[in-house]
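# Take this sequence and fold it.
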Amino acid sequence: MMLRYALQTVRARKGGFLGAFFALMCAAALITACGTLLETGLRGTIATERYAATPVVVSADQNVHQTTVKHKKGKTKVKHKAKPIAERAWLPDDLATELRKVPGVREVIPELTFLAEPLAPGGAVDKDRPAYGHAWDSAALTPYTLTTGTAPKADGDLVIDRRFAERAHLEPGDRLTVQSTQSPRTYRVTGIAAPAQEVRHQTALFFSTAEARRLAAHPGRVTAFGVLPAKGTDAAVLKRSVSTALHGTKAPHGTTVQVSSGDGRGPVEFLDAAAARTKLVSMGGAMGGTSLLVAVLVVVGTFALSVQQRHRELALLRAIAATPGQIRALLGREALIVGAAAGTTGALAGLPLGSWLHGRFMAMGAVPATLQHTVSVFPPLAALAATLLGAWAAARISSRRIARIRPAEALAEARAERTRPAWGRILVGVALLAGGAVLVAVLSVLRTEPASTPVTFLAVVVLASSVALLGPLLVRAAVAILGGPLALTGPSSRLARANLRGHAARMASVVTPLTLLIGMTCTVLFVQPTLGNAARAQAREGIRADWVVAAQGPGVPAEAAQRLRTQHDTVTEVVRTTVRVGVDKYAAQGVTPGGLTRTWDPDVTAGSLKKLTEDTVAVSELAADQLHLKPGSSLKLTLGDGTPVTPTVVAVYAEGLGFGDLTFAHDLVARHVDNPLATSVLVSTARTQTQLATTLREFPGIHVLAPAAADSIQAARQQANAEVNYLAMGLVLAFTAIAVVNTLAMSVSERVREFALLRLAGATRRQVLGMLRTEALSVLLLATALGSGIALAVLTAFSVGMTGEAAPAVTPLVYVAVVALAGLLALVATALPGRVALRVRPVTVATAKE
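From the prediction side, this is the model:
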């Protein structure tokens, strides 16, 4: 029976449910899009290209592992964690001998993959196809076959793939300069090769075996082995045989050997795609969680406004003996009907939205193209379930008071809004306010970005939720402050003051999404600059060098730094990586120890950098606090390529944001990274910029910069990285902006009868529109104050925790633009429905039956 009444109500009041439908639809689309990203991170396929003709690939495990055993109440709980390392782990080349002994193995082909960037004219190298070098012996893994020319034999020979040859207009006999792990070298193109199947995500350069080993810079090591089966041997059988033969075998430094086949070969080939899975899971989860919280807050507000608009109708039902349970059931079923329609529509719309979002992340470099977008029925179903649950809960929450009042009071209750919110609402609002304050306090002591980021946005949502519950009290307080000025500015303003005072709950439902929009937008826009500016400030203060040498390409070769040293200058090479302490990740760098204090000062607070060697390490104060270290302590860690080391701590420094958490000797780090070229070279010298540039003229793409210019480049890179976060949260902000317009439009469109009575009482059309503008500006002023206060509190706590100073980076012009945009949305969403409502003749509305 109630379902039939609910269907009839929804059918008869389509306009009244339109706002709730639109809010739920947007929420479902957003949750679906985030869900597809999360699923891509969990299940996304990484198809192989280089190993297409190799059914079995043997490689080193690319993860660090940690197993913990806990004994509690007589039970043993074993927990295992695996986290990816930053660089490629290598295998000993003598493992080929053991592989060749495995039954069913026809051939074992060693593979070398290393940095090799052609220095060709602009446009020749496709940015979506990064170039890698290989030995020609491994061409059979794809396979690549020569279409013209001959294979490379001498150290100066080179074979290039056909697509690159066509883009660069190269033929056998031409010369090509390649920047690899050593100094740039010019090679003679001896041949052009084509793959048997399409290779879409990389450019292959093939060298002679001896030259490839030199450029790989890992003597006695290989990237992987391709294992080809003997005739009649099944690939699955071969994999089992190889796995059995290698069981328990360890790569250098204890790394586990792994055997891959089928889809498992892709992650071995594309390490960046495998690592991006973790990032995408984190990003999709954070976006989805924040979206869900924002959606619940917005949808509850929308349904609350919808119930307010139907107060008279619901009161009449109570007066004719409808029970509280029947009212709740009716509203719940209406919500489920609207939620089902909105959830289905939004979930379907979320699929292309998720695909677009994945494409944008790829264009920005946050997700490699090799990680294929994965879509299944699970994200849409999860979005539909969340939408139904959210709609039902919102309806139940919104119907609590109207369902509980006595029938005799129902119609009287419907005539006017209650002057004071229910005590339960106030208590919950105060509790949320206290919870938000606790989150802000916690945020001020969190010192790592992965820990701070989710708390930052959660604090904004919780504080905005407290505003939603305490909104009527806040509106009345604002009216008490603004009442005097409004009374002096004309009839429209006096009408607005009366409406704000008499309908505080209605106005509060508009304040909440505006507050959330301003607070969330300011937080999103200013979190990254707060962190980035602090890091750059530390770097500026700590770099003592006269000049910074940087490269447009992959880095500065060691020979370039050596050329500078021959002139008796102090030269510090800096190479960056990431290491693991246990399974925790730390940003690290390698620096040249000699003369380090002349070019580089991270503000050492304990110990000395003069003791920095390949057996020692310097750590930031943050790392020292987290790992309980001091000078003389031993630190067990895993380098970027999975090599475990235990250096001794010789110094603790303060400027960890600008210089990373761990600092090693340059040569140690350079031996354990994929790209040993320096990211920058610091030079302390009396020579001029021109003289230094002349010394380095043989190295293409190398620039000598003043420290200030290098800082500007770093700022541009930070902005590019921040754009990924802006896009990630931009959808949440767009949804919030839509909710603002939706709520304002619902609030105004419901007041047709009120406007008609004002017109009949003598108010002009202009005065009514002026009243609406004044109401909108008053609400905007209150929302701006609340949203700005929330953002400022959260950003200040974030700054204190991450930088040690209460100095959030707020750009005044950007802040003004945010408030102006919110004001424009408020005025447009008020004016347009208001003009539509005023088109109806007042007499027609006033005499219409309710």
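# ok now stretch 689-698, how far from the chain's centre?
Average the C-alpha atoms of stretch 689-698, do the same for its chain, and the two points are 40 Å apart (CA atoms, centre = their mean, to the nearest Å).
# quick one: contacts of that stretch?
Around stretch 689-698, the neighbours that count as contacts under CB atoms under 8 Å, 6 or more residues apart in numbering are 547, 549, 560, 563, 564, 567, 683, 685, 702, 703, 704, 706. All C-beta atoms are positioned from the backbone trio N, CA, C, and that covers glycine.
# Least confident of these?
Within these, residue 567 has the lowest pLDDT, namely 73.
# between the contacts of stretch 689-698, which is nearest residue 161?
Distances from the contacts of stretch 689-698 to residue 161 were compared by CB to CB; the smallest belongs to residue 702, at 27.3 Å.
# For that closest one, give me the backbone phi and psi.
Reported as degrees, to the nearest 10, the phi and psi values for residue 702 are phi -90, psi 130.
# which residues touch it?
Applying CB under 8 Å, 6+ apart, we find residue 702 in contact with 549, 550, 551, 556, 560, 696.
# what helix or strand does the fifth one sit in?
This points to residue 560. When elements are assigned from DSSP states H and E, residue 560 belongs to helix 558-565.
# And that helix, what's buried?
Residues 558, 560, 561, 563, 564 are the ones in helix 558-565 that count as buried (16 or more other CB atoms under 10 Å).
# Likewise for stretch 138-158?
138, 139, 141, 142, 143, 144, 146, 149, 152, 155, 157, 158.
# Quick check: end-to-end length of it?
Chord length of stretch 138-158, first to last residue, is 14 Å (CA to CA, to the nearest Å).
# One more: stretch 689-704?
Distances were taken as CA to CA; on that basis the terminal residues of stretch 689-704 are 6 Å apart.
# domains of this protein?
The chain resolves into domains spanning 1-46+272-416, 49-105+231-269, 113-222, 420-537+716-850, 553-700 when parsed by automatic domain parsing.
# So for residue 543, which of those domains sits nearest?
Closest among the domains of the chain, once you apply CB to CB, is domain 553-700, at 6.5 Å.
# next one: the closest one to chain centre, how far?
Averaged over its C-alpha atoms, domain 553-700 has a centre that lies 28 Å from its chain's centre (CA atoms, centre = their mean).
# Show the end-to-end separation of that domain, please.
9 Å.
# where does residue 579 fall, helix, sheet strand or coil?
The local conformation at residue 579, judged by DSSP: H, G, I helix; E, B strand; the rest coil, is strand.
# Residue 622 reaches residue 659, doesn't it?
No. With contact taken as CB atoms under 8 Å, residue 622 and residue 659 are classed as non-touching, separated by 11.4 Å.
# Out of the contacts of residue 702, which is nearest to residue 425?
Lowest distance from residue 425 to the contacts of residue 702 (CB to CB) belongs to residue 550, with 58.4 Å.
# Residue 705 versus the closest one, what's the distance?
When CB to CB, to the nearest Å is the yardstick, residue 550 and residue 705 sit 6 Å from each other.
# what is in contact with the two at once?
Taking CB under 8 Å, 6+ apart as the criterion, residue 550 and residue 705 both touch residue 713.
# which of those two has more neighbours?
Neighbours were counted for residue 550 and for residue 705 using other CB atoms under 10 Å; residue 550 has more, 20 against 16.
# part of a helix, is the more buried one?
No. Assigned with three-state DSSP, residue 550 falls outside any helix and is strand.
# If it is in a bridge, with which residues?
With DSSP bridges applied, the residues forming beta bridges to residue 550 are residue 703.
# who are the neighbours in contact with it?
Each residue near residue 550 by CB under 8 Å, 6+ apart is listed here: 556, 679, 680, 681, 702, 703, 705, 710, 713.
# any idea how far it lies from residue 574?
Separation of residue 550 from residue 574 (CB to CB): 10 Å.
# Can you check which residues contact both of these two?
Here residue 550 and residue 574 have 679, 680, 681 as joint contacts, going by CB under 8 Å, 6+ apart.
# Quick check: the second one touching residue 545?
No. Counting by CB under 8 Å, no contact exists between residue 680 and residue 545, whose distance comes to 9.3 Å.
# hang on, the earlier thing: give me the subset of the buried residues of stretch 138-158 lying in strands.
Secondary structure of the buried residues of stretch 138-158 is defined by DSSP state E; positions in strands are 144, 146, 149, 157, 158.
# Kindly state the pLDDT recorded for the last one?
When you say that, I think you mean residue 158. As predicted, residue 158 sits at a pLDDT of 96.
# wait, what's in contact with it?
152, 176, 178, 187, 188, 189, 190, 205, 206, 207.
# Just give the nearest non-adjacent residue to residue 291, would you?
Taking CB to CB, 6 or more residues apart in numbering, and ignoring the residues beside it in sequence, residue 291 has residue 30 as its nearest neighbour in space, at 4.6 Å.
# Kindly provide the distance from the one you found to residue 828.
Residue 30 sits 22 Å away from residue 828, going by CB to CB.
# Confirm for me that residue 361 is in contact with residue 371.
No. Taking CB under 8 Å as the definition, residue 361 is not a contact partner of residue 371, at 9.7 Å.
# Name the residues contacting each of these two.
Looking at what touches both residue 361 and residue 371 (by CB under 8 Å, 6+ apart), the common residues are residue 280.
# who has more neighbours, these two?
For residue 361 versus residue 371, neighbours defined as other CB under 10 Å are more numerous around residue 371 (27 against 23).
# Got the phi and psi for the more buried one?
Main-chain dihedrals, residue 371, degrees, to the nearest 10: phi -90, psi 100.
# Tell me what it is bridged to.
Applying DSSP bridges, one finds that residue 371 bridges with residue 46.
# Thought residue 42 was touching it, still the case?
No. With contacts defined as CB under 8 Å, residue 371 does not count as touching residue 42, sitting 11.3 Å away.
# intersection of neighbour lists for the two?
Taking CB under 8 Å, 6+ apart as the contact definition, residue 371 and residue 42 share the neighbouring residues residue 277.
# returning to what we had before: for the shared contacts of residue 550 and residue 574, which single residue is the most surrounded?
Counting by other CB under 10 Å, top hit in the shared contacts of residue 550 and residue 574: residue 681 with 29 neighbours.
# How about the secondary structure of that one?
strand.
# Counting by contacts, list what the longest helix seen in the chain packs against.
Secondary structure of the chain per DSSP state H: the longest helix is helix 707-749. Contacting helix 707-749 under the criterion 3 or more CB pairs under 8 Å, 6 or more residues apart in numbering; DSSP states H and E are the following elements: helix 14-43, helix 271-309, helix 324-364, helix 504-542, strand 547-551, helix 812-837.
# what do you get if the cut-off is 6 Å, keeping everything else the same?
Packed against helix 707-749 by the contact rule (3 or more CB pairs under 6 Å, 6 or more residues apart in numbering; DSSP states H and E) you find helix 14-43, helix 271-309, helix 504-542, helix 812-837.
# Buried ones in the last one, by neighbour count?
When you say that, I think you mean helix 812-837. Using 16+ other CB under 10 Å as the test for burial, helix 812-837 gives 815, 818-819, 822-823, 825-827, 829-831, 833-834, 837.
# of all those residues, which comes closest to residue 229?
Checking the buried residues of helix 812-837 against residue 229 by CB to CB gives residue 818 as the nearest, at 62.0 Å.
# For the closest one, which non-adjacent residue is closest in space?
Once chain neighbours are set aside, the closest to residue 818 by CB to CB, 6+ apart is residue 521, at 5.1 Å.
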